[in-house]
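1. fold the stuff below for me.
(chains A and B)
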Amino acid sequence: MWYVNAGLHSLKLLALGVVLCSCLPFSNDGASKRKNDNSHQTNSESSLNSGYGRVLTDNPIVLSGYDWTLPAGVSLAQFLISDQDFISNTGTLSSSCTGSSYTIQNCYKVLQTNTSTPLYPLNGRWAYSPDTENSKWLQTHTMGHMNKGVDNFLAALSYSYGASQSGLTASSYASSIPTTLYSGYGFWYDQKQLIAYSEGYSGDNAFFTPSTFTVTFGTSVETPGLKFATDPSVVYHEFGHGYVQIMSNMRNVVDSSITERVDFGIRMYDEPGAINEGIADYFSYIMNDRTHVGEWALGRFFNLSRPLIESDSRHVSGINSDPDKRLSYPTYVRYDPYYNENPIEDLHLTGMIASHYFVALTGDLQSYCNKDLSGAQKDVVYMITESLSEIGDLTTKDSDVTGIYPYSTYSNHVNLNTDSASAKLWATVIRPGGFRRFFQTFGKNVLARFGSCMTQDLIEQRLDMYGLLLFKTFNEDGNGYDFAGSVSYGNDGTINAVSAVNRIYTKLIAKELIELPTDGTTQAYIVDEQQSVYDFVTTLKASGRITNISSLIPGDLSYNNGNSKPSPGEVFGMAINLKNKSNSDMAGVTILANDWDHARYESGEFKMCNTLGDSFPLTSENAATVDAAIPAVDGECGYVTKENGAQVNEVTEVLAPVCFALSRETSDTKWVDQNKFRSSQGLDTSECLGGSSSTSDCYLRAIDGANFSVYPVISASKTFGETLEEEEDAGVSLKGNHVILFELSPWTPPGTTFNCRLRARFTNCDDCWHDPNQADNDDYLDYQYSGADPYKIINFQFTVID
Amino acid sequence: MKLKGLKLSFLFSTLAMSLYLYQAFQSGKDIKKPKVSTKVKSKPSATKKSNTPVESSIALPKTRNPASVKRAPVKKLKRGERVIIGNGAGNYTDPKTKLVLINSYNKNWKTLLEKKLNHLMPEKTIVSYQHIESQIQMRGKKGLLREVVTVKTQLPDGRTYHYDAIVDPQDGKVTTTWNYQKSEKHPLSLKATTMAN
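-> Below you'll find the model as predicted:
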């Protein structure tokens, strides 16, 4: 019958079509998870096991095959795949952390906001729809990724700990990872519960709060429907900040005598903060093996996503993996791959230099040390862990291993050895983990750990390609000084010298080439407009970065008059307009206004020593007495305090404030300390800014916490102001990290002239870090940073008007 | 009849072919989609990561017990009610042992602290703190009294900050702080003017 034959023929053809269809590569590649038949994977109870749910395996941009037109309210259900993800079986979105030797109950959890009640599963299943029940699903999605991130971090830490206990190469280097890491609970920040708020903030932001150990993800105001936690790469990045906090403070947590903690990055911009961002990006990379962060939450709507490798198409042409085309320091400190016509100051952008180096090193470990990708990533994390643990150490010991050097008490690597309070100042301000210190420490660790498969030349060349070969030795002997034995053990050990021929792209500049302009160019920018200063000060105070403003300063800053000059009663910000006289960019420029060892106390007053290289003041201008016959001992100008003026062992050695006043009692010019000036003015000590107990900065003082400024870069042959004008904003618009905050007493007589003896240094400085008195180019010892030698002294003078 | 059969055959085969072509089109569309290249995986290699955690020595039980908060006990030396820390602390745990103090204790230190924390803050700012611990820190052979607090500040615009601090109980002054919040965006900038000479 015809219709039977037709049907048979059709069936044959249909069968042929089916066979042909099955041969095609219908299954999606790694980039696209959308089901080809456009049906959505429902997250129903019946499709889940108990304790399970479904998360997005990556952000919507990646899962859509890089559709950059996706709207914020795109259906997320379409990106779910059939695979289930373990969420929680505790009854809420919470989990313990368990290892072979520990259990932390309530180790971490997820809530929607800080006032929300816990979310519960549906018959034991986290069966919420990402489209119709997005807020609930987002919590489970965050928890799913938190599970993966925490497991990965603890595993990496376990690996690092195991490797560290063999002491790297036992004969030459002692690990900084504490031996009591687990028994002392140093692996989980003060045993606090890590809490993630999946929609905890109404605003385009995400933040990590170490005090409460919380990570908060925002919901966009500019782009309704956009929620930061939807993007797993951003989730991993934020947790990365938590891991940096843990690693920086492992030694401090296990030592019960240490209460303070180190923050790796403390200003709106500083280099430790930039490196912190780079490490956080790297954590995202090791979670998803993708060398790009934040395509959805940051890139799609804000043009802020970040690559981690030179070959990323987001980079401008001219950046590639050639040795001279890498994302190097300091050239790319202000580079934005989205807006590359104008430089932009942002520590996330600067952090890309670090993340690109880490990814490159990951490749090196695969190529030269026979590691697979996962193994290479673990080893890079191991090196980061070692480096952060050393730099963040407040115990002043740096390692639990002794006896490597002739001095058995300490391993010699770090920090002032008598005062943990000063150790915090050194770790965060004086000798912080910026690009030089971090990568010197990191490079030292890589050399010690992988020197058998990566030659020293290779390690140095890789650092140099990124402009990070900023040191002349790996400083294995540290920066310590043994007070009891008067021994500079930080200069006595064996150190590995860097081969000068490997420094091709990294430029080191002499500190003499940074100076205050003397050609009539403005020497400083001032911020004294009332509202502007008020907003800045209250933000710094609320966040804890500054804490003490004198009670003499009115609460509404009503003395601030915006007249561009310091006036009595004002709080004002000052950015010194330093000039870079060299032909290369100077980066990480820091100006310090904290008390330091530059004066001698004699005849009841501080007198400035004029033996510090700046030839100031003249002897006739009330300089301190210097007798060449008197040795450089405690209390003399030639002596630098070994304990930052703590007066524990040094009875007469004290630090002096930076600002001295010009005395006009006679026709002679004399620079006097502020207490002497106060006395000449007949002001009672109780009327000093800090009261009777603080008379040496009676009238003018830099505010603690904002008594130093950081400039990301000063361009070659330019001033700081000219460098700022390169950026997008018209004119000079300062960021908070550019200014030093001062308070000026209302009792200051108009016409008073002050000289503030500031100290400047920068990261790619040659003689700010290497001691020219050491034949082997060894670094300065920690205590020397209390004095003048590592710095260029900047004497800045101004007169107060009414 | 044969013609009808052929027509039906043609229809079915067209249907099958259409299905085949549609599938092919979709597949090709997906593969060609990426705008931002993920092409470079030469170093490091693009090994697809599984969803299982990295191998570790840590057991990862699938059953986790809901639990009350438990913390490992931390041993601290005490002198009376104060924790005593630093080099030589063990020599001064007995309150009868004389210890020279660098500062003194003002019973009103909390009031002084509150005044300092609120100074300069906008109206309707809510500042609160929690007293964590009283300490003596050894400085050589002398002791420094310290109070450890956690501070929370909520500004009128809703921004909330937390940090930790050491307070001098002699005058309520904050001497050091840490645990600063890290944000992804910092919108604050300052208008500067050239300092008039």
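
2. need the residues of the stretch 501-650 of chain A near chain B, please.
-> Taking Cβ under 8 Å from any Cβ of the partner chain as the contact definition, the stretch 501-650 of chain A meets chain B at A:522-527, A:529, A:532-539, A:541-545, A:547-549, A:551, A:553, A:555, A:557, A:562-565, A:573-575, A:646, A:648-649. Where you see a C-beta, it was placed from the backbone N, CA and C, and this is true even at glycine.

3. please convert the buried members of these into PyMOL selection syntax.
-> Written as a PyMOL command, the selection of buried residues from these, which uses 16 or more other Cβ atoms under 10 Å in any protein chain shown, is:
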select buried, chain A and resi 522+523+524+525+526+527+529+532+533+534+536+537+538+539+541+542+543+544+545+547+548+549+553+557+562+564+565+573+574+575+646+648
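
4. out of the residues of the stretch 501-650 of chain A next to chain B, which are inside strands?
-> A:Ala524, A:Tyr525, A:Ile526, A:Val527, A:Gly573, A:Met574, A:Ala575 (DSSP state E).

5. show me the helices in chain B, by range?
-> B:2-31, B:109-118 (DSSP state H).

6. and what of the stretch 551-700 of chain A?
-> A:674-681 (DSSP state H, counting those that start in this stretch).

7. can you list the weak-confidence ranges in it?
-> Across the stretch 551-700 of chain A, nothing is flagged by pLDDT under 70.

8. do a quick rundown of the strands in it.
-> Assigned by DSSP state E, counting those that start in this stretch, the strands in the stretch 551-700 of chain A fall at A:571-576, A:579-580, A:586-592, A:599-602, A:605-608, A:659-663, A:670-672, A:700-702.

9. any idea of the angle the first one forms with strand A:586-592?
-> By that I understand strand A:571-576. When axes from the mean of the first three to the mean of the last three Cα atoms, to 10 degrees is applied, the directions of strand A:571-576 and strand A:586-592 differ by 140 degrees.

10. partner strands of strand A:571-576, with direction?
-> The pairing partners recorded for strand A:571-576 under DSSP bridges are strand A:524-527 (antiparallel), strand A:740-744 (antiparallel).

11. could I get it in PDB with only the CA atoms?
-> Only the C-alpha atoms of strand A:571-576 are listed here, as PDB (Å, rounded to 0.1, in the frame of the first residue of the first chain):
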ATOM      1  CA  VAL A 571      41.400  71.200  60.400                       C
ATOM      2  CA  PHE A 572      43.000  71.200  57.000                       C
ATOM      3  CA  GLY A 573      44.500  68.700  54.500                       C
ATOM      4  CA  MET A 574      47.700  69.400  52.800                       C
ATOM      5  CA  ALA A 575      49.200  67.700  49.800                       C
ATOM      6  CA  ILE A 576      52.800  68.500  49.200                       C
END
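
12. contacts for it?
-> A:516, A:523-528, A:533, A:536-537, A:549, A:553, A:557, A:560, A:566, A:591, A:703, A:706, A:709, A:720, A:734, A:738-744, A:758, A:760, A:794, A:796, B:190, B:192, B:195 (Cβ atoms under 8 Å, 6 or more residues apart in numbering or on different chains).

13. again, 7 Å this time
-> A:516, A:523-528, A:533, A:537, A:549, A:553, A:557, A:560, A:566, A:591, A:709, A:720, A:734, A:738-743, A:758, A:794, A:796, B:190, B:192 (Cβ atoms under 7 Å, 6 or more residues apart in numbering or on different chains).

14. pull out the buried residues from stretch A:620-640.
-> A:Glu621, A:Asn622, A:Ala623, A:Ala624, A:Gly635, A:Glu636, A:Cys637, A:Gly638, A:Tyr639, A:Val640.

15. how long is it end to end?
-> 24 Å (Cα to Cα, to the nearest Å).

16. same thing with stretch A:617-634?
-> 22 Å.

17. stretch A:781-794 now?
-> Span of stretch A:781-794 from end to end, Cα to Cα: 22 Å.

18. so for the strand or helix carrying A:Gly162, what gets flagged as buried?
-> Assigned by DSSP states H and E, A:Gly162 belongs to helix A:134-164. Going by neighbour count (16+ other Cβ under 10 Å), the buried part of helix A:134-164 is A:134, A:136-161, A:163-164.

19. what of stretch A:120-130?
-> For stretch A:120-130, by 16+ other Cβ under 10 Å, it's A:Pro121, A:Gly124, A:Arg125, A:Trp126, A:Ala127, A:Tyr128, A:Ser129, A:Pro130.

20. who touches that stretch?
-> A:43-45, A:48, A:50-53, A:76-77, A:80, A:87, A:91-92, A:136-137, A:140.

21. for it, give the mean pLDDT please.
-> Averaging pLDDT along stretch A:120-130 gives 97.

22. okay, residue 161: pLDDT?
-> If you meant another chain, say so; for now it's chain A. pLDDT at A:Tyr161 comes out at 93.

23. sorry, I should have been clearer: chain B.
-> pLDDT, read off for B:Tyr161, is 93.

24. and it, how far is that from chain A?
-> Note on B:Tyr161: its distance to chain A, by Cβ to the nearest Cβ, to the nearest Å, is 5 Å.

25. can you map out the strands along chain B?
-> B:78-79, B:82-85, B:100-101, B:126-139, B:142-154, B:160-168, B:173-178, B:182-183, B:190-191, B:193-194.

26. same list (the ones you listed) but as CSV, adding distance to A:Leu304 and mean neighbour count.
-> What follows is the strands of chain B, written out as CSV (distance: least, Cβ to Cβ, whole Å; neighbours: other Cβ atoms under 10 Å in any protein chain shown):
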stretch, distance to A:Leu304, mean neighbour count
strand B:78-79, 50, 16
strand B:82-85, 43, 21
strand B:100-101, 52, 11
strand B:126-139, 32, 17
strand B:142-154, 27, 20
strand B:160-168, 23, 22
strand B:173-178, 28, 20
strand B:182-183, 13, 22
strand B:190-191, 22, 17
strand B:193-194, 30, 16
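
27. out of the buried residues of stretch A:120-130, which is nearest to A:Tyr329?
-> A:Pro130 (41.0 Å; Cβ to Cβ).

28. which residue packs closest to the closest one, ignoring adjacent ones?
-> Once flanking residues are discounted, A:Pro130 sits nearest to A:Leu76: 3.8 Å by Cβ to Cβ, 6 or more residues apart in numbering or on different chains.

29. mind listing what residue 135 touches?
-> Picking chain A for this. A:Gln112, A:Glu199.

30. I was thinking of chain B, sorry if that wasn't clear
-> Contact partners of B:Gln135, counting by Cβ under 7 Å, 6+ apart, are A:Thr259, B:Arg82, B:Val83, B:Ile85, B:Arg146, B:Val148.

31. show me which pair in those residues is furthest apart.
-> The span of these, defined through Cβ to Cβ, is set by A:Thr259 and B:Arg82 at 12.5 Å.

32. so A:Tyr505 sits against A:Met465, correct?
-> Yes. A:Tyr505 lies in contact with A:Met465 (Cβ atoms under 7 Å); the separation is 6.2 Å.

33. more neighbours: those two, which one.
-> Neighbour totals were compared for A:Tyr505 and A:Met465, and A:Met465 leads with 24 against 19 (other Cβ atoms under 10 Å in any protein chain shown).
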